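Participant: Sequence and predicted structure below; questions after.
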Amino acid sequence: MIAISEERFAADFWGTAPLLTRRSEHERGLDDLFSTEGADEILSMRGLRTPFVRVAKDGVIVDSSRYTGPGGVGAAVGDQVLDERILDLFASGHTIVLQALHRSWPPLMALAGTLSAELGHPVQINAYITPEQSRGFAAHYDVHDVFVLQIAGSKRWIVHDPVHPHPLRDQPWTQHRSAVESRAKTAPRDESVLEAGDVLYLPRGFIHSADALAGVSIHLTVGIHNHTRHDLTRALLELAADDPRLRRALPMGVDVRDPDQLETDLASTVEALADLIREISPADVARVMERRDRGSSRPSPLRPLAQAKALDMLGADTRIRLRPQQRAKLSAGGTDLTLTHGGGTLSFGLDHAEALRAVLHSDTEIGIDEIPGLTNRQRLELVELLMREGILVADTSPSPER
């Protein structure tokens, strides 16, 4: 999606500066990712419900009661999107936001999984559909990096430098509304018109607004939910809970509003924390980060019916592989092995170590009869368990013999 090397992007732009890539500069087009027809299908034929859609105009979010209602016989829940009301709002200049398309639109599910693996940060994807000559949102900044992928129409983007660099997730632009509005009135850092196929990268904190020009504008916002050094700091503080010195109560009768009364205990706390931090290893912090990150991204879809059929036909010649984008980690402790994955943990004996490493670390499919270290029965039992947990998937393509 960008026209420069990953190394240059990481060194010169990641988290620090916007980057515009024209369609003519990058190899792949965007036509296969989303379209006007796709948006219409989602809005009218997918039983869409809140909060997977938002509507806005000039920075004001429309109450969902204006475009949702019961879905009719057999689908009487009251928050389904009503396409005729969406039509009325869109024709009145409102922007339609389709949220979390990385969970519902297959090409974007694949894109999100690939990007998340390459970047090392969780990814979400929304679509913004804006009538011509309209603006959905006022100047603001996001608390995550974004890649803007222009799918249809054209849109003018105006970008200003941050007033609050590298904002955290709990530091939205509304906390700095006055500064953002003032900065937006000054000369912009960048101003460009995105046409279909163009890509704009914006690090979090950069103030931006966008106006649709000729024709209906559709763009995808690929949001990168950055892991930050503040997350590492939080991990250190979580580990600090293991130190009894830092769990001690403050003196009885203390007034925590009085700096003089806090001085002695604060100095002791800082000293104890400094001692602890010097002893904490990267592996300690990685364990905390792994637990927090668990569930932030979904593995690739596994087609439950096809996999259930594969389970019924499981045999020595069945070929299996690690489910794409499945985060599975094997660790040893004492006499047990622990397999951690997005859905939880599993325990195994040490006699399963060789077999588990073979199925979890293979870059390609492996036949069940090729799994080392176990009997035939143990291999089948292991594969069945890991398939039911969504860790492994079987090859369901027809073989020439069938």
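Facilitator: Yep, that arrived.
Participant: Bridge partners for the residue nearest the centre of the chain, pull those for me.
Facilitator: Residue closest to the mean C-alpha point of the chain, counted by Cα atoms, centre = their mean, is Val123 at 2.7 Å. Counting by DSSP bridges, Val123 is bridged to Ile224.
Participant: Specify the residue ranges that define each domain of this structure.
Facilitator: 6-224, 229-293, 304-394 (automatic domain parsing).
Participant: Can you say which of those domains is packed in most?
Facilitator: Across the domains of the chain, the average number of neighbours (mean count of other Cβ atoms under 10 Å) peaks for domain 6-224, which reaches a mean of 17. (Glycine included, C-beta is placed from N, CA and C.)
Participant: Can you spell out which helices and strands pack onto the one helix or strand Val393 maps to?
Facilitator: Here Val393, judged by DSSP states H and E, is contained in strand 392-394. When contacts are defined as 3 or more Cβ pairs under 8 Å, 6 or more residues apart in numbering; DSSP states H and E, strand 392-394 packs onto helix 304-312, strand 319-322, helix 376-388.
Participant: can you list contacts of it?
Facilitator: Contacting residues not belonging to strand 392-394 are listed as 302, 307, 310-311, 314, 318-323, 359, 383, 386-387 [Cβ atoms under 8 Å, 6 or more residues apart in numbering].
Participant: Can you give the distance of that strand from its chain's centre?
Facilitator: 24 Å (Cα atoms, centre = their mean, to the nearest Å).
Participant: Pull up the pairing partners for that strand, direction included.
Facilitator: strand 319-322 (antiparallel).
Participant: Show me what the helix or strand that comes right after the partner strand is in contact with.
Facilitator: Remark: after strand 319-322, the chain's next helix or strand is strand 329-333, criterion DSSP H and E. The contact list for strand 329-333 (Cβ under 8 Å, 6+ apart) reads Glu290, Leu337, Thr338, Leu339, Thr340, His341, Leu350, Ala353, Leu356, Arg357, Leu360.
Participant: can you check stretch 16-26 too?
Facilitator: Residues from elsewhere that reach stretch 16-26 (Cβ under 8 Å, 6+ apart): 1-4, 9, 13, 29-30, 159, 189-190, 192, 194-203, 206.
Participant: Next, the contact list for Phe206, please.
Facilitator: So Phe206 contacts Pro18, Tyr141, Val159, His160, Asp161, Pro162, Arg189 (Cβ under 8 Å, 6+ apart).
Participant: Closest one of these to Asp260?
Facilitator: Pro162 (37.4 Å; Cβ to Cβ).
Participant: Against Phe137, how distant is the closest one?
Facilitator: Distance from Pro162 to Phe137, counting by Cβ to Cβ, to the nearest Å: 17 Å.
Participant: pLDDT below threshold where in the stretch 251-400 of the chain?
Facilitator: Low-confidence segments of the stretch 251-400 of the chain (pLDDT under 70): 398-400.
Participant: quick one: the helices in this protein?
Facilitator: Taking DSSP state H to define them, one finds helices in the chain at 6-12, 36-45, 83-91, 106-119, 177-184, 229-240, 259-279, 282-293, 304-312, 353-361, 376-388.
Participant: want to throw those helices into JSON lines with distance to Leu246?
Facilitator: Output for the helices of the chain, formatted as JSON lines (distance: least, Cβ to Cβ, whole Å):
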{"stretch": "helix 6-12", "distance to Leu246": "36"}
{"stretch": "helix 36-45", "distance to Leu246": "50"}
{"stretch": "helix 83-91", "distance to Leu246": "53"}
{"stretch": "helix 106-119", "distance to Leu246": "34"}
{"stretch": "helix 177-184", "distance to Leu246": "36"}
{"stretch": "helix 229-240", "distance to Leu246": "5"}
{"stretch": "helix 259-279", "distance to Leu246": "6"}
{"stretch": "helix 282-293", "distance to Leu246": "15"}
{"stretch": "helix 304-312", "distance to Leu246": "47"}
{"stretch": "helix 353-361", "distance to Leu246": "37"}
{"stretch": "helix 376-388", "distance to Leu246": "40"}
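Participant: Quick one: closest of those to Ser154.
Facilitator: Taking Cβ to Cβ, helix 36-45 is the member of these nearest to Ser154, at 13.8 Å.
Participant: Could you find the closest non-adjacent residue to Asp198?
Facilitator: Sequence neighbours aside, Gln150 is the residue nearest to Asp198 in space, at 4.8 Å (criterion: Cβ to Cβ, 6 or more residues apart in numbering).
Participant: can I assume that neighbour is in contact with Glu195?
Facilitator: Yes: judged on Cβ atoms under 8 Å, Gln150 makes contact with Glu195 at a distance of 6.3 Å.
Participant: distance of the residue nearest to Asp198 from Ala3?
Facilitator: 15 Å.
Participant: try Arg303
Facilitator: 36 Å.
Participant: for Leu237, same thing?
Facilitator: Leu237 is 41 Å from Ala3, by Cβ to Cβ.
Participant: Alright, calling it a day.
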